[in-house]
Structures are given as C-alpha cells and as structure tokens.
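> here is my input, please return the structure:
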Amino acid sequence: MTSIQDLSISVDTVWMLLAAMLVFFMQPGFALCEAGFTRSKNTANILFKNFVDFMLGSVLFWFVGFGFMFGSNGQGFIGMPNFGDLGFYHNANGLPTEGFLIFETVFCATSATIVSGAMAERTKFSMYCVYSFFISLLIYPVEGHWTWGGGWLSNADPSSFMMRTFGITFHDFAGSAVVHSVGGVLALIGAIVLGPRLGKYRKDGKSNAIPGHNLMAASLGVFILWFGWFGFNPGSQLAASGEANRVAISHVFLTTNLSAVAGGLATMFVTWMKYGKPSFSLTLNGILAGLVGITASCDLVSPGGALVVGAICGTVLPFSIEFIDQKLHIDDPVGASSVHGVCGILGTLLTGLFSVSSGAFYGHGFAFLGAQLAGILVIDLWAAVCGWALFVAIKKTVGLRVDKRIEEEGLDIYEHGESCYN
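Predicted coordinates for the structure are as follows:
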C-alpha cells in the first residue's frame with residue numbers, strides 16, 4: 001500500500017468515525033424530543049429508555065446482529081451470527097471492521113429508539129427492554145441485510161430477482177426505509193397492541209389533546225437531531241478522500257438541509273391555514289419529516305428535488321398525524337408513526353420519481369419506482385409481522401402495559417423510584 005492510499009484510508013476512517021459520533025448524538029436528540037412531547041411524570045422513564053436502546057443495541061449488534069446483517073457474503077435472506085467474531089467481514093474500501101461496526105451500531109440504535117416515543121407513558125420498562133432486545137437482535141439486522149448487507153434487494157447481478165424484474169436494484173442511501181420506516185411501522189404496531197393512554201379518547205370517540213410538558217426540550221431535541229443528520233446522511237458515503245467523495249458529501253449535506261427546511265416550512269404554512277395559527281410542535285415534526293423523507297434519496301436528487309421532497313413530506317405530516325389520532329384512534333404521543341413511518345415510506349417512493357439518474361420525472365420510466373415500491377413493501381411487511389408477533393406475545397404472556405394507578409401517577413416513581421423533577 002502506498003503512502004497516498006494509506007492516507008486516503010486514514011481520512012476515510014476518521015470521517016466514518018466522526019459521522020458515527022454525530023449519529024450517536026442523535027440519541028439525546030430523540031430523548032429530549034420524546035420527553036418534551038410527553039408529560040413530566042414520565043420524563044425519567046423516557047430518558048432511561050433512550051440509554052437502554054444504545055446499551056442493549058451495542059452489545060447485541062456486536063455479538064450477533066452485525067453477522068446477521070453483513071454475513072454470508074451478502075447472499076440470501078439472512079447472514080450468519082458472528083458471536084462477537086469480526087474476522088468474517090472485510091470492508092471493500094479497506095476501512096477497519098471495528099470502525100464500520102460502530103458506524104452500523106449507531107444506526108441500529110436509532111431504529112430501536114423510534115419505537116419508544118409512540119409507546120410512551122404506559123409501557124412496562126422491563127418489557128421495553130425485551131422488545132428493544134429483539135429489534136436490535138433480529139428485526140433490524142435481517143431487513144438491513146437485504147439492502148445494505150448485499151442481500152436480494154440490492155443484488156445487482158443480472159440474474160437476481162430485482163434485476164430480472166425491474167432492471168434496477170432497490171436504493172436507500174441512508175435509511176428512509178431501512179431505519180425510519182421500520183421504526184415507524186414497529187411504533188404503529190406497538191401503539192395499536194398497547195392501546196391509548198388513559199383519558200385520550202372520550203366515549204363519543206373524539207380525541208383529547210394531552211400536551212407535552214416542555215416544548216423547549218422538544219425543540220432542542222429537534223435541533224440536535226437536525227445536527228446529527230449531517231452524520232446520518234453524508235456519513236453514509238463512508239469516504240471523504242478524493243474529489244468524487246468530497247463532491248458527494250457536500251451534495252448530500254445540501255440536499256439534507258434543504259429538505260429539512262422545506263419540511264418545516266410546509267408544515268408551518270399548512271397548520272397556519274388549517275388551524276388559523278402556525279403550530280410550533282407540528283413544525284418541529286415537519287422538520288423531522290423532511291429529514292426522514294430525504295434520507296433515501298439525498299445522493300440522487302437535485303437541490304430543487306430535495307426541496308420538493310421535503311415540502312411533500314411536511315405537507316402530508318399534519319394530515320397523517322390527525323388521521324392516525326382522530327380517525328384510527330391510535331395514540332402516538334410524539335407522532336413517530338407519521339414522522340418516521342409515513343414519511344419514511346413516502347421518501348423511499350419519491351426516490352423513484354426524483355432521482356436525477358433513474359427517476360420517472362427525469363424521463364427514465366417507472367422501473368425504478370417499481371423497485372422502490374417492492375423494496376418498501378417487503379421491508380415494512382417484515383417489520384409489521386415481526387412487530388405484531390412480538391408485541392402480542394408479550395401482551396398475552398407477561399403483559400405489555402403498566403397498571404392503571406402507575407399510568408395515572410407516573411412511571412418515574414413506580415418504575416424507577418425517582419423523578420426527573422423535584
């Protein structure tokens with residue numbers, strides 16, 4: 001290896017680890033956002049869960065999840081458990097396996113932590129640990145193998161299913177489908193099985209608003225998430241050396257930011273027109289909707305396309321939250337199923353329309369949209385079936401929900417023996 005090659009790998013490694021740090025910093029973003037959107041009596045419980053996600057996820061993903069995701073030379077339905085042995089994996093770009101593992105671990109933790117917000121304020125802490133265990137152990141790594149592990153959705157061999165059917169493979173650059181839609185679907189299924197919070201719906205079926213206790217914490221959480229997304233999306237390039245990588249990273253930075261801005265502005269104006277006043281809490285979620293939506297296509301769309309993707313997600317978001325809450329009577333305290341589920345699906349599909357190189361709106365036909373539709377269907381069907389089996393099994397055996405008195409008086413004292421506020 002020449003000194004130039006060695007320097008390039010060193011630069012790429014440092015960039016990958018820096019991006020991993022930024023994605024890890026999204027954990028406090030989620031924690032503050034979820035805590036701010038819920039009631040003060042459950043704050044310690046919510047903060048604790050965000051620590052548990054990363055602690056459990058780190059051990060499980062290192063021990064077996066990494067093998068399930070990247071084992072078997074990227075072939076088949078699932079990889080092979082590695083049981084802590086990292087020798088099976090060799091990065092094609094020469095990046096250290098340990099560093100790549102850390103980068104993938106923070107993504108796994110993100111998928112798991114999305115679920116906690118939708119099931120907040122009434123879930124047993126012990127059972128939260130159980131389902132977080134299975135998400136990190138199996139649910140996330142398997143569908144991750146299909147896409148980022150070289151599995152069947154991303155197999156570009158001419159004889160593969162995707163190439164024979166669509167002539168192109170499924171594309172999810174940084175996780176609109178793999179991370180966010182899976183987390184959103186699991187959140188929705190969990191909220192359905194768990195049931196609404198006490199007092200959420202009246203006898204006539206109308207929804208009661210249960211406001212969060214601290215919009216300052218929620219807004220700080222969104223700022224942190226926005227900041228962390230600059231590791232989430234540009235970091236997925238996994239290289240910074242050379243002109244091509246510099247240009248690609250810069251482009252992804254720009255499209256990511258523009259979509260976030262467009263998502264926030266779209267939600268602000270929609271709520272202004274819909275409710276007569278611009279909703280700050282919904283606008284915060286609109287920013288996240290734009291970020292989630294662009295995550296699949298940030299490398300393929302133009303800056304103008306990023307604005308459109310973000311605007312579409314930000315426009316759909318308030319209607320989605322209202323429909324899930326008021327029509328379906330599914331209680332999602334932080335809107336996770338809409339932000340991550342609906343907008344993750346939407347962003348994945350919009351990739352097939354707005355991709356400059358393969359999108360239908362650029363004269364390339366609808367084959368790529370078909371590949372995106374097939375990919376998101378099987379990924380989220382996997383998440384829905386696994387989530388339903390997992391949550392129902394917990395509910396029918398040891399119970400998923402806390403007792404009525406605990407829910408009324410708050411999980412902090414009863415579940416942890418301490419309160420976030422004195």
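> centroid residue for this structure?
residue 180 (2.5 Å; Cα atoms, centre = their mean).
> which non-adjacent residue is nearest that residue?
Counting by Cβ to Cβ, 6 or more residues apart in numbering, residue 180 lies nearest to residue 344, which is 3.6 Å off, once chain neighbours are set aside. Just so you know, the C-beta spots here come from the backbone N, C-alpha and C atoms, and that holds for glycine as well.
> can you list contacts of stretch 205-222?
Residues external to stretch 205-222 that are found in contact with it (Cβ atoms under 8 Å, 6 or more residues apart in numbering): 28-40, 43, 197, 199-202, 280-281, 284, 287-288, 325-326, 329, 333.
> now restrict those residues to buried residues only.
28-40, 43, 197, 200-201, 281, 284, 287-288, 325, 333 (16 or more other Cβ atoms under 10 Å).
> let's see the host helix or strand of residue 322 as CSV, backbone CA atoms only.
Using DSSP states H and E, residue 322 maps to helix 303-322. Extracted in CSV, the C-alpha atoms of helix 303-322 (Å, rounded to 0.1, in the frame of the first residue of the first chain):
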residue,chain,number,x,y,z
PRO,A,303,-31.2,20.6,-4.6
GLY,A,304,-34.6,21.6,-6.2
GLY,A,305,-35.8,18.0,-5.9
ALA,A,306,-34.8,17.9,-2.2
LEU,A,307,-36.9,21.0,-1.6
VAL,A,308,-39.9,19.3,-3.3
VAL,A,309,-39.4,16.0,-1.3
GLY,A,310,-39.2,17.9,2.0
ALA,A,311,-42.2,20.0,1.1
ILE,A,312,-44.3,17.0,0.2
CYS,A,313,-43.4,15.2,3.5
GLY,A,314,-44.0,18.4,5.5
THR,A,315,-47.4,18.8,3.9
VAL,A,316,-48.5,15.3,4.4
LEU,A,317,-47.3,15.1,8.0
PRO,A,318,-50.1,17.1,9.8
PHE,A,319,-52.8,15.2,7.9
SER,A,320,-51.2,11.9,8.7
ILE,A,321,-50.9,12.7,12.5
GLU,A,322,-54.6,13.8,12.5
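> pLDDT (mean, whole number) over that helix?
For helix 303-322, the mean pLDDT works out to 98.
> hang on, the earlier thing: hang on, the residue nearest to residue 180 packs against residue 176?
Yes: using Cβ atoms under 8 Å, residue 344 makes contact with residue 176 at a distance of 4.7 Å.
> any shared contact partners between those two?
Common neighbours of residue 344 and residue 176, using Cβ under 8 Å, 6+ apart, are 292-293, 295-296.
> make a markdown table out of the residues you listed and add pLDDT.
Output for the shared contacts of residue 344 and residue 176, formatted as a markdown table (pLDDT from 0 to 100):
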| residue | pLDDT |
| --- | --- |
| 292 | 98 |
| 293 | 98 |
| 295 | 98 |
| 296 | 98 |
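> quick check: ChimeraX command selecting the buried ones in these.
Listed next is the ChimeraX selection for buried residues among the shared contacts of residue 344 and residue 176, using 16+ other Cβ under 10 Å:
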select :292,293,295,296
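> okay, the shared contacts of residue 344 and residue 176 in TSV with distance to residue 47 next?
Below are these laid out as TSV (distance: Cβ to Cβ, whole Å):
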residue	distance to residue 47
292	22
293	27
295	25
296	30
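> coming back round to it: the contacts of stretch 205-222 in helices, which ones?
Counting by DSSP state H, the part of the contacts of stretch 205-222 found in helices is 28-36, 43, 280-281, 284, 287-288.
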